[in-house]
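Novice: What follows is a protein structure lacking sequence information:
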């Protein structure tokens, strides 16, 4: 496994955490939205991550008995199936014929925790890339007198 793989692995993690931050931002932006029907109500979204397939060089390393690290990929984004929050408010202009409005199933506290976790993970992977860069720079200076 070469140092160059570190950049691919950390890069995939940073890309995945960016998707996570985007979905969290979307959830937070729509947390207070309302609708007059269940079908039109915003539902919280979550990204689904999976192990990234090994590259050709990683497959070759594995044949040599080495088990290199692998990155992460985003399989997709799924909507939460948690129940929506109906509220009886017949005076509201968006109330349905039964007097209900519907709030999204976004848990703001959970979204804040996801945001902090994604942000920290992104920063950690940026630090890993910085450390790998410094290691490569030191290797280049070995032959200098």
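Specialist: Arrived safely, thanks for sending. Quantities reported herein were computed from a predicted structural model and do not represent experimental measurements.

Novice: Any idea what the residue nearest to residue 92 when sequence neighbours are not counted is bridged to?
Specialist: In space, not counting the residues next to it along the chain, residue 92 is nearest to residue 101; the distance is 5.2 Å by CB to CB, 6 or more residues apart in numbering. Using the backbone N, CA and C atoms, a C-beta is placed for each residue, glycine as well. Residues in a beta bridge with residue 101, per DSSP bridges, are residue 87.

Novice: do you know how far residue 101 is from residue 45?
Specialist: Separation of residue 101 from residue 45 (CB to CB, to the nearest Å): 21 Å.

Novice: go on, residue 11?
Specialist: As judged by CB to CB, residue 11 and residue 45 stand 23 Å apart.

Novice: between these two, who's got more neighbours?
Specialist: residue 45 (17 against 14; other CB atoms under 10 Å).

Novice: What does the pLDDT read for the more buried one?
Specialist: If you check residue 45, the pLDDT there is 97.
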